[in-house]
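[1] what's the 3D shape of this:
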Amino acid sequence: MGSTVNLAYDYPVLGVFWTVLWIFLWVMWIFLLFRVIVDVFRDDSMSGWAKTGWLVFTIVLPFLGVFVYVVAKGKNMGRREQAHVRAHLDETNRYVRETVGVTGTPSEADQLAKLSEIRARGDISEDEFRRAKEKVLHH
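    Next up, the predicted model:
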């Protein structure tokens, strides 16, 4: 008779738990390391030499460098991230406004002018123009 391998016995649930925990901690560590490096470059209050020092510190002694950075400069990391997101959102909104060419909702006069242009081109009938005009004036 052949022997069977019981995988659950060879790798118990507690072993799976510890493996998943270590992988999770490793991923979180990589995330934190890159977050600190991005924050070093984003901090405009630091000089180039200070940024270089922090980068060397986090590369040579990564665990100690990251933890010291978070303790020393972590208070403003969130503020810098919020300022970056806010600036990016403002830039996106500005681009959308420029691309669309509209600064707000069109007025009734603008809508009526467009309707009369469409009617003059013959794209809509007189009856369709009248219904659309009533719709614009009653909203």
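
[2] okay, and S45 sits in which element?
    For S45, there is no helix or strand it lies in under DSSP states H and E.

[3] tally up the residues packed near it, please.
    Applying other C-beta atoms under 10 Å, we find 8 residues neighbouring S45. (Glycine included, C-beta is placed from N, CA and C.)

[4] find me the pLDDT at it, would you?
    Predicted confidence (pLDDT) for S45: 88.

[5] just N6 next, same as before
    Note for N6: predicted pLDDT of 61.

[6] with F57 instead?
    pLDDT at F57 comes out at 91.

[7] try the one 3 residues further on
    V60 carries a pLDDT score of 92 in this model.

[8] now the biggest helix by length in the chain: buried residues?
    Across the chain, the longest stretch assigned as helix under DSSP state H is helix 13-42. Of the residues in helix 13-42, 33, 36-37, 39-40 count as buried by neighbour count, 16 or more other C-beta atoms under 10 Å.

[9] likewise stretch 74-84?
    By neighbour count on 16+ other C-beta under 10 Å, the buried set for stretch 74-84 is 77, 80.

[10] give me the mean pLDDT for it.
    Here the average pLDDT along stretch 74-84 is 88.

[11] hang on, the earlier thing: past the longest helix of the chain, which element shows up next along the chain?
    Assignment by DSSP H and E places the next element after helix 13-42 at helix 48-60.

[12] now that next one: how far from the chain's centre is it?
    The gap between where helix 48-60 is centred and where its chain is centred comes out at 26 Å by C-alpha atoms, centre = their mean, to the nearest Å.
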